[in-house]
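Undergrad: based on what follows, work out the 3D shape:
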Amino acid sequence: MTEPEPPFPDPVVLLIEDHLDLHPFLPKEIPSVVEEYLDQCREAGFVEVRLIHGKGKGVQRNIIRALLEKHAKVECFYDAPLEAGSWGATIVILKI
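TA: The predicted structure follows:
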C-alpha cells in the first residue's frame, strides 16, 4: 500500500504560540511535530509552553512524555493545572 499524497505540496507554516494542540496530527506525526515545535519555541524565546494532547487512554501523553524526557532543551514537564487541561495537557519548561 502506498502512502497518500500530502494535502499540501509545501510545508505549512504556523505561527509559534505558547501552546500547541496536537489533536489535528496523526500519532506517527507527533514526535516530529513536537520536536520542531520545541526547537522553534526556544528560538522564539519561550520558556514555558503547553502541549495539548487530550485525555483519552493516555497514548499520546505517553509518546510526548517519552520524547520530553530525552529532549536536550527540556528542563522539566508536568500536568497542566485544572483550568489549562489537567492531565490532558503537559506544561513544558524549556532550558534557558
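Undergrad: bridge partners for residue 78, pull those for me.
TA: residue 91 (DSSP bridges).
Undergrad: oh, and call the first residue 225 from now on, that's how I've got it
TA: Noted, 225 is the first residue going forward, which turns the last one into residue 302.
Undergrad: need the pLDDT of it.
TA: For residue 302, the model assigns a pLDDT of 97.
Undergrad: that one against residue 310, yeah?
TA: No - contact between residue 302 and residue 310 fails when scored by Cβ atoms under 8 Å: they sit 11.2 Å apart. Any C-beta I mention is one placed from the backbone N, CA and C, and that applies to glycine too.
Undergrad: show me what contacts the residue nearest to residue 299 when sequence neighbours are not counted?
TA: Counting by Cβ to Cβ, 6 or more residues apart in numbering, residue 317 is the residue found nearest to residue 299 once chain neighbours are left out, at 4.4 Å. Residue 317 makes contact with 271, 272, 298, 299, 300, 301 under the criterion Cβ atoms under 8 Å, 6 or more residues apart in numbering.
Undergrad: residue 249 in helix, strand or coil?
TA: Classification of residue 249 using DSSP: H, G, I helix; E, B strand; the rest coil returns coil.
Undergrad: that one against residue 257, yeah?
TA: Yes - the criterion here is Cβ under 8 Å, and residue 249 meets it with residue 257 at 5.3 Å.
Undergrad: my read is residue 244 is in a helix, agree?
TA: No - assessed with three-state DSSP, residue 244 is strand; it does not lie in a helix.
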